[in-house]
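Participant: Model the structure of this input:
(chains A and B)
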Amino acid sequence: MLSAPNRLTRSDDFTHVVRRGRRAGGPLLVTHLLDAGDDAKTLVGFVVAKNVGNAVTRNVVKRRLRHLMRERLGMLPSGSTLVVRAQPKAAQCSFSELTEALDRSLRRVMAQ
RNA sequence: UGAGUUGGCCGGGCGGCCGCGUUGACCUGCGGGUCACCGAGGAAGGUCCGGGCUCCGAAGGACGAGGUGGUGGGUAACACCCACCCGGGGUGACCCGCGGGAAAGUGCCACAGAAAACAGACCGCCCGUGCAAGCGGGUAAGGGUGAAACGGUGGUGUAAGAGACCACCAGCGUUGAUGGUGACAUCGACGGCUCGGUAAACCCCACCUGGAGCAAGACCAGACAGCGUGCGUUUGAGGGCGGUCCGUCCGAGCGCGCGGGUAGGUCGCUUGAGGGUGUCGGCAACGGCACCCCUAGAUGGAUGGUCGCCAACCAAUGGCCCGCAAGGGCCCUGGAGACAGAACCCGGCCUACAGGCCAACUCAUCCC
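Facilitator: Just a heads-up that it's a prediction; the model follows:
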């Protein structure tokens, strides 16, 4: 589970990263990455919309993603901000499929 | 043993690795760190009712609007719960009922049918007339339609018939006695002979309801910048958070346009109509008393992620064992494992739910 100081919470920050950052799409996930701002902290946020499922499945997807991102925090350029958006198919896939999709998406968005 | 009815309960367990949130203790370089405890549901859901709590000035009146609808009780309250009554269903346990008023008035009643509400008459029957077709009159017994057709059966009566009259029955109204707190039940007396349904149609009757909601509300910190215009200050603008009017109170600012700023933190926030056990009252819902217990508080939103093992469930092939047989047990393999995530808190209702457990009762069959 991702610890509290590394979570993206403000709504304006979300829209800022999604609009300005680099984007890498996929069938399960879409990632948005914005390079270092003024503050040096690396932040990660998640967007799981209502079309993914009901409250229970949305929470499961969010918890899995938070858990995976905790182990991959060091991979990101320090001070950058990341937003992970879940697509509706992410509700049905297995944990290993989600891991694979996240790694591929992160590699692509950082290579840009 | 089989079929069923009702009520209640559970809704996997253990372990490894890696994590999150509140609270407490300790450490700290004030950023945080370490350890310990605790950490989702029976529906947390839908937001359909009822309350607590908070604010709206004291929460007034009339009309309107909305809700409830057998009786008695329970409760903080209810549209909920319990018991009973009435009507309907079932052999039965038991289940179902939006269960006030249709004789205050208005509206509606598809199709079929002659006719659908107040009287009338398609076929028929009878009388008169006519050669006949038919015409005039009487009648509502018989026919057919429909969910529903102006009481039913038998008789008297008649040209044919009819509550026109009589007996019994059903139903209605008035009334008496008995039982019951009451809804109502049982047994009579009298009356005129009979009156359709629909009030989740308007309506009438009785009772109930002020409004908004924890983004309520309170406090702290912080930011900015005003300009134009209209109305108004006892001749009263604008308010008093659901619609209108009245009454009453506050009242010096208020509305519109352009421009600018902020949406950070603390409290509310979890001890409550709270649970558990025992006992007493009550048919029960529930209540009284005594003792014990403290059990989630997030705010982009914690309560988890992943892997393994074991129970229990299902399926099929194979193997072994028991049995005359129907079948049963064990092992290997595979599969399924539901509905669903607190957000101020309670009491209900409704809806969703893989699978499993328990109790009471009913009917049928067999044995003693």
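Participant: Could you list the residues in contact with stretch A:51-60?
Facilitator: Residues outside stretch A:51-60 that contact it (Cβ atoms under 8 Å, 6 or more residues apart in numbering): A:V48, A:K50, A:V61, A:A86, A:Q87, A:P88, A:A90, A:A91. Placement of C-beta: from N, CA and C, glycine included.
Participant: now, which of these lie within helices?
Facilitator: Members of the contacts of stretch A:51-60 lying in helices (criterion: DSSP state H): A:V61.
Participant: Give me the PyMOL select line for the contacts of stretch A:51-60, limited to the buried ones.
Facilitator: Listed next is the PyMOL selection for buried residues among those, using 16 or more other Cβ atoms under 10 Å:
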select buried, chain A and resi 48+61+86+87+90+91
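Participant: Tell me which of the contacts of stretch A:51-60 fall in strands.
Facilitator: Judged by DSSP state E, those include A:V48, A:A86 as members of strands.
Participant: Quick one: the contacts of stretch A:51-60 as JSON lines, columns for pLDDT too.
Facilitator: Converted to JSON lines, these look like this (pLDDT from 0 to 100):
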{"residue": "A:V48", "pLDDT": "78"}
{"residue": "A:K50", "pLDDT": "72"}
{"residue": "A:V61", "pLDDT": "79"}
{"residue": "A:A86", "pLDDT": "80"}
{"residue": "A:Q87", "pLDDT": "80"}
{"residue": "A:P88", "pLDDT": "77"}
{"residue": "A:A90", "pLDDT": "77"}
{"residue": "A:A91", "pLDDT": "74"}
